[in-house]
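Chemist: With the input below, show me the fold.
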Amino acid sequence: MEIRGMSRPESVLQLARKFGEISAAQDNEIHKSRLSLKLGKENNTKIGSNNRQILMQQSKSGPPTPIRHAAPITSTFTLPAPRMPVGGIASLKSEPKMSRPNMFKQMEKVGANPTSAAPPRQLNPNSIKDALLRWIQNRVAGYPNVNVTNFSSSWADGMAFCALIHRFAPQSFDFSTLDPKNRRQNFDLAFKVAEDNGIFPLLEVDDMIMMGDRPDWKCVFTYVQSFYKQFRDHP
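Modeler: This is a model prediction of the structure:
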């Protein structure tokens, strides 16, 4: 459906408001027409009643006198001519077969702008965390003593850091020689090799040792994002 006189598509809400205003105006016109018709009938009834009273009075006052046949009394009220469709939203009112839901479907088609690009999908923090976690799980799958299910306890012994950097720099060290009990050695090795491959050292070994079995997930999450930014295009 085409909206005449519009320089740009309007939103569905704006079109719905216009449709409501036009419908209200047309309903008001119909109400006025019915009220005028009712008043015209009442006037005709009063005139007829007055004529009967005059005839009765004449019959009582004297002999009947010839009465000329006057022209029939009619109301001067005339129904308004049907309004022609003006096009656009207003023309929807004159189409009795179109239901109200179909009208709004038409307005949605008009309000839609096919040339505008779809807005980028907005990701919430939880979606970002889940996406990064899946990316890491795919990269460290198959490494022994590594089970990444979160950004806290899964990184407490340093093995996950070593597996992640070993995935992109396998020639840097022999992963099979590492022991989960040697936490400090694992952290030191992983952070050093990561820095050599372009990862800025955001975490300190002493901090990870001090945080124990449940390091702060925000620290780990922030640091691991650097791996994704550096190696996301790596096969």
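
Chemist: so where's the protein shaky on pLDDT?
Modeler: 1-28, 31, 35, 38-125 (pLDDT under 70).

Chemist: The same query, at a cut-off of 80, please.
Modeler: 1-126, 235 (pLDDT under 80).

Chemist: Not counting its neighbours along the chain, what's nearest residue 146?
Modeler: Nearest non-adjacent residue to residue 146, counting by CB to CB, 6 or more residues apart in numbering: residue 163, 4.5 Å away. For the C-beta atoms, the positions are set from N, CA and C on the backbone; glycine is no exception.

Chemist: Looks like that neighbour contacts residue 173 (just checking).
Modeler: No - judged on CB atoms under 8 Å, residue 163 makes no contact with residue 173 at a distance of 11.2 Å.

Chemist: Please identify which of the two sits among more neighbours.
Modeler: residue 163 (23 against 16; other CB atoms under 10 Å).

Chemist: helices and strands around the helix or strand containing the more buried one, which ones?
Modeler: Assignment of secondary structure by DSSP states H and E places residue 163 within helix 159-168. Other elements packing on helix 159-168 under the criterion 3 or more CB pairs under 8 Å, 6 or more residues apart in numbering; DSSP states H and E are helix 125-140, helix 183-196, helix 217-231.

Chemist: Now with 7 Å, please.
Modeler: Contacts defined by 3 or more CB pairs under 7 Å, 6 or more residues apart in numbering; DSSP states H and E place helix 159-168 against helix 125-140, helix 183-196.

Chemist: Done for today, thanks.
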